[in-house]
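> Model the structure of this input:
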Amino acid sequence: MLDLGQMVGFVATEDYDKARAFYENKLGFQFVSLDQYALVMSTGKNTIRISKVKGHTPAQYTVLGWEVENIDSVVLALMERGLTFADYPFIQDRELLIWTTPSGDKVAWFNDPDGNVLSISQHK
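Here you go, the predicted structure:
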């Protein structure tokens, strides 16, 4: 039943303007609306509702992620837009900061302006 519905992601922010600039200009998502409940962005296939939360403390784990076909090209494109990727000690690719799992999947992490952990991944 739910597999027929469209996924909606939720993330918190303390500043709608900073969040909109990041999700629109850095990630290339489309602004949909801003009302008393949330800033809404379209990712093309899905929607993200960004809610204002005073005193927001970001989780220390990934809260949103996108699966891509070619992680190297996506990382390079996002770097060209000024995005900085997380540099964890276990990451093998020191240039693009992409971790390759033992099974061959690849993941790169970054943060939004509120410190929320986001990721892109490529799976075999």
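
> Give me the neighbour count for residue 48.
Residue 48: 21 surrounding residues under other Cβ atoms under 10 Å. In this view, the C-beta of every residue, glycine as well, is placed from N, C-alpha and C.

> can I assume it is in contact with residue 41?
Yes. Counting by Cβ atoms under 8 Å, residue 48 sits close enough to residue 41 to count as a contact (4.8 Å).

> Find residues that contact each of these two.
Listed as contacting both residue 48 and residue 41 by Cβ atoms under 8 Å, 6 or more residues apart in numbering are 23, 29.

> tell me what the helix or strand where residue 17 lies is packed against?
Per DSSP states H and E, residue 17 falls inside helix 16-21. Here helix 16-21 touches strand 30-34, strand 39-42, strand 47-52, going by 3 or more Cβ pairs under 8 Å, 6 or more residues apart in numbering; DSSP states H and E.

> what about 6 Å?
Helix 16-21 sits against strand 39-42, with contacts defined as 3 or more Cβ pairs under 6 Å, 6 or more residues apart in numbering; DSSP states H and E.

> residues in contact with the strand it packs on?
Applying Cβ atoms under 6 Å, 6 or more residues apart in numbering, the contact partners of strand 39-42 are 16, 19-20, 23, 29-30, 32-33, 48-50.
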